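**Q** Sharing a sequence plus its predicted fold:
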Amino acid sequence: MSPQPMRRRTLLSALAAGAAAATTGIALPAQAQEKKHRRAKTGPVTVAYIEVNDHSMLSAGKYTLANGGAQVIDVAVIFAANINYDGTKAYLSFNENVQSVLDNVATQVRPLQRKGIKVLLSILGNHQGAGFANFPSQAAADAFAQELADAVNQYGLDGIDFDDEYAEYGNNGTGQPNDFSFVYLVQALRQKLPNKLITLYDIGPAADRLTYNGQSIANTLNYAWNPYYGTWGVPSGPTSKSRLSPAAVSYTATSSATAAGLAQRTVDEGYGVFLTYNLTESDTSSYMSAFTQKLYGGATVYKP
């Protein structure tokens with residue numbers, strides 16, 4: 001299987017542990033003796049997607065705030081596993097780079113979790129016609145939800161992120177998007193993972209179908225974020241501002257001035273999440289400081 005494509009998006013071309021627990025009832029997964037050493041911070045949840053085809057998950061744990069030493073990144077997302085199609089049904093697939101991260105969770109994921117960082121697995125289409133919005137039945141959606149839950153439990157992850165891109169609905173004789181699939185999928189996944197995070201990258205047919213037959217999954221999702229880097233756009237998803245990121249920035253494609261402006265707007269308008277993408281191994285502390293000054297009132301320190 002060829003690796004999934006990298007995202008290229010611009011407009012043109014409190015986890016603060018207490019806040020999260022209050023909203024979701026989810027405890028952080030690290031060992032109890034390590035929890036007491038974490039430094040709390042006040043302000044929005046900062047999320048970082050990491051392209052593991054090219055970069056290390058460990059980068060998410062190398063940034064702290066100068067004022068207090070708390071971790072900058074609260075949620076690190078493994079980008080990305082795939083939803084594939086075998087000619088009969090959708091199934092969960094890992095390319096060799098994602099599989100390597102999962103096979104080495106002891107060194108690639110647990111160090112982040114011990115620092116209080118939640119680690120999610122993003123699920124992305126793979127040009128084969130299978131997506132979150134075209135399961136032919138509730139049973140098919142439930143079966144895929146079980147595969148996702150099994151992966152989270154097997155590898156000790158903190159949840160699943162849905163990104164409905166590159167599915168190419170209709171390929172290989174698959175169906176077009178329907179109204180029930182994503183609702184059934186998220187409902188089933190929540191039942192199987194009652195204490196894990198389920199998040200939405202607000203793009204694609206699935207993101208437009210959060211309600212079916214009078215049932216909404218908007219507040220079943222823990223967080224949702226704008227998918228267009230360098231822009232501001234309130235995403236579909238939870239009704240509480242504390243669980244939404246209208247801001248989205250790319251470390252490699254959004255200017256630090258734009259990032260700072262979007263961070264300030266996040267604070268000014270009372271939103272609780274700040275989305276970042278494509279964190280690399282380079283020292284990015286100067287860029288991060290532009291937005292952490294606005295979000296948390298302090299600069300970022302790089303600790304390799």
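**A** Done, it's in. Numbering: from 1, shown residues only.
**Q** right, and Y201 touches S122 too?
**A** Yes: distance between Y201 and S122: 7.3 Å, which falls inside the contact criterion (Cβ atoms under 8 Å). (C-beta placed from N, C-alpha, C; glycine too.)
**Q** More neighbours: which of those two?
**A** Neighbours per residue, other Cβ atoms under 10 Å: of Y201 and S122, the larger number sits with Y201, 30 against 21.
**Q** Does the spatially closest residue to that one that is not a sequence neighbour have any beta-bridge partners, and if so which?
**A** Spatially, and ignoring its direct neighbours in sequence, Y201 is nearest to D163 (4.1 Å; Cβ to Cβ, 6 or more residues apart in numbering). As for beta bridges, D163 partners with L124, Y201 under DSSP bridges.
**Q** what sits against D163?
**A** With Cβ atoms under 8 Å, 6 or more residues apart in numbering as the criterion, the residues that contact D163 are F79, A80, S122, I123, L124, G125, Y201, I203, G204, P227.
**Q** If we use 6 Å, what do you get?
**A** With contacts taken as Cβ atoms under 6 Å, 6 or more residues apart in numbering, D163 has the following neighbours: S122, L124, Y201.
**Q** Report the separation between the first one and F94.
**A** This points to S122. Remark: distance between S122 and F94 (Cβ to Cβ, to the nearest Å) = 12 Å.
**Q** Likewise for the second one?
**A** For L124, the distance to F94 equals 11 Å [Cβ to Cβ].
**Q** And for S137?
**A** If you measure S137 against F94 using Cβ to Cβ, the figure is 25 Å.
**Q** Looking at those two, which has the bigger crowd around it?
**A** Taking S137 and F94 together and counting by other Cβ under 10 Å, F94 has the greater number of neighbours (19 against 11).
**Q** which stretches of this structure form helices?
**A** Listed from the start of the chain, the chain has helices (DSSP state H) covering 17-24, 32-35, 96-103, 105-108, 110-114, 138-155, 181-192, 204-207, 256-268, 285-296.
**Q** nearest to G173, of those helices?
**A** Go through the helices of the chain one by one with Cβ to Cβ and the one that ends up closest to G173 is helix 138-155, at 14.6 Å.
**Q** what packs against the closest one?
**A** Judged by 3 or more Cβ pairs under 6 Å, 6 or more residues apart in numbering; DSSP states H and E, helix 138-155 is in contact with helix 181-192.
**Q** roughly how far is the helix it packs on from the heart of the chain?
**A** The offset between the C-alpha centroid of helix 181-192 and the centroid of the whole chain comes to 17 Å, using Cα atoms, centre = their mean, to the nearest Å.
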